[in-house]
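# sequence and predicted structure are below.
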Amino acid sequence: MDFDAPRTLQHGVFAVWQLLAAGWSPARICHATRNLREVHEGVYVTGDAPLTGTRCASKP
């Protein structure tokens with residue numbers, strides 16, 4: 001799984017555990033998420049659009 005897979009399949013919402021399971025290091029995750037919005041602890045959303053029903057339903 002690359003970084004685009006969770007964003008695409010889950011409408012831009014993904015969790016840190018998914019990246020860890022894909023073999024990402026904590027340092028790489030920290031770097032990749034530094035400019036993203038954290039909506040829950042360890043759960044990020046790309047972009048700055050409000051969470052819609054579709055996005056909310058896709059949260060892990």
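On my side now, so go ahead. Numbering: from 1, shown residues only.
# which strand or helix spans residue 29?
helix 26-33 (DSSP states H and E).
# try residue 39
strand 37-40.
# partners of that strand, with directions?
Applying DSSP bridges, strand 37-40 is found paired with strand 43-45 (antiparallel).
# returning to that earlier point: buried residues in the strand holding residue 39?
Of all the residues in strand 37-40, not one is buried under the rule 16 or more other C-beta atoms under 10 Å. Where you see a C-beta, it was placed from the backbone N, CA and C, and this is true even at glycine.
# helices and strands around the helix or strand residue 18 falls within, which ones?
In the assignment (DSSP H and E), residue 18 maps to helix 16-21. Other helices and strands packing on helix 16-21, by 3 or more C-beta pairs under 8 Å, 6 or more residues apart in numbering; DSSP states H and E, are helix 26-33.
# against which helices or strands is the helix it packs on packed?
Going by 3+ C-beta pairs under 8 Å, 6+ apart, helix 26-33 lies up against helix 16-21.
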